[in-house]
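**Student:** this one's structure only:
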């Protein structure tokens, strides 16, 4: 299994490293919609979340008073739990200046992640890690179903976890880090590699 992973990594290494460089170059003016995206992704496809974000951007959700729910479903697009997520987006927008202040405090990724989970409704550790990775932070595990399935396949987990308490999240995150050290592939790159193995794409 490890040999197959290393072969896949060598094949996709340039694209993976480029994707991570793209994240590190993102402008702070785009942070708002990156956070919108990460609030929409739980139990919805990344593609649909991206489409919904594009609609919200086109309608200037950040600067206009509008109900985001109407942009989360139509005949071609469906975001699960759109009513709750709409409320989360409105609350996040009101709190965004405070969120920016926290990001500008230069705290560690772990500390900012804890703050986001405790202060932004709708963000768990997975979503907060996802957001921070998408704006250039490193070494935070995004334990979505694609990653967890691969961690089962490589033998790090005996079974797919039914739920992830914060304690369980941190335990699996440490196992993931240890495994990445063992096979000498940085965890952020291994995350994108597992995504590409699962989906055939290196998405955000």
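**Tutor:** Ah, there it is. All of these numbers come straight from a predicted model, not from anything done at the bench.
**Student:** quick one, strands of the chain?
**Tutor:** With DSSP state E as the criterion, the chain has strands at 73-74, 77-78.
**Student:** could you tell me the least trusted of the ones you listed?
**Tutor:** Least confident of the strands of the chain, judged by mean pLDDT, is strand 73-74 with a mean of 84.
**Student:** most packed of the strands of the chain?
**Tutor:** Most buried of the strands of the chain, by mean neighbour count (mean count of other CB atoms under 10 Å): strand 77-78, with a mean of 16. The C-beta positions use only the backbone N, C-alpha and C, and glycine is treated the same way.
**Student:** so what does that one touch, helix or strand wise?
**Tutor:** Applying 3 or more CB pairs under 8 Å, 6 or more residues apart in numbering; DSSP states H and E, one finds that strand 77-78 contacts helix 46-58.
**Student:** what residue ranges in this protein score low on pLDDT?
**Tutor:** 199-204 (pLDDT under 70).
**Student:** what segments of it are helices?
**Tutor:** 2-24, 31-40, 46-58, 82-103, 109-119, 125-134, 145-153, 166-183, 187-199 (DSSP state H).
**Student:** residue contacts, the residue minimising distance to the centre of the chain?
**Tutor:** Centroid-nearest residue in the chain, with CA atoms, centre = their mean: residue 130, separated by 2.1 Å. Contact analysis of residue 130 by CB atoms under 8 Å, 6 or more residues apart in numbering lists 38, 41, 142, 144.
**Student:** dump the strands of the chain to CSV, plus distance to residue 6.
**Tutor:** As requested, the strands of the chain are exported to CSV (distance: least, CB to CB, whole Å):
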stretch, distance to residue 6
strand 73-74, 42
strand 77-78, 38
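**Student:** and of the helices of the chain, who's closest to residue 68?
**Tutor:** Closest approach to residue 68 among these is made by helix 82-103 (4.8 Å; CB to CB).
**Student:** separation between residue 50 and residue 77?
**Tutor:** The gap separating residue 50 from residue 77 is 10 Å, by CB to CB, to the nearest Å.
**Student:** so this protein: which segments form each domain?
**Tutor:** Here the domain parsing of the chain from automatic domain parsing is 2-23+142-199, 28-134.
**Student:** just give me the neighbour total for residue 134.
**Tutor:** 19 (other CB atoms under 10 Å).
**Student:** tell me the contacts of it?
**Tutor:** 23, 26, 34, 37, 38, 204.
**Student:** by neighbours, which of the residues you listed wins?
**Tutor:** That'd be residue 38 among the contacts of residue 134, by other CB under 10 Å, with 27 neighbours.
**Student:** nearest residue to that residue other than its sequence neighbours?
**Tutor:** Nearest residue to residue 38, sequence neighbours excluded (CB to CB, 6 or more residues apart in numbering): residue 131, at 4.2 Å.
**Student:** isn't that neighbour right up against residue 123?
**Tutor:** Yes: using CB atoms under 8 Å, residue 131 is in contact with residue 123, at 7.3 Å.
**Student:** between these two, what contacts are shared?
**Tutor:** 38, 116.
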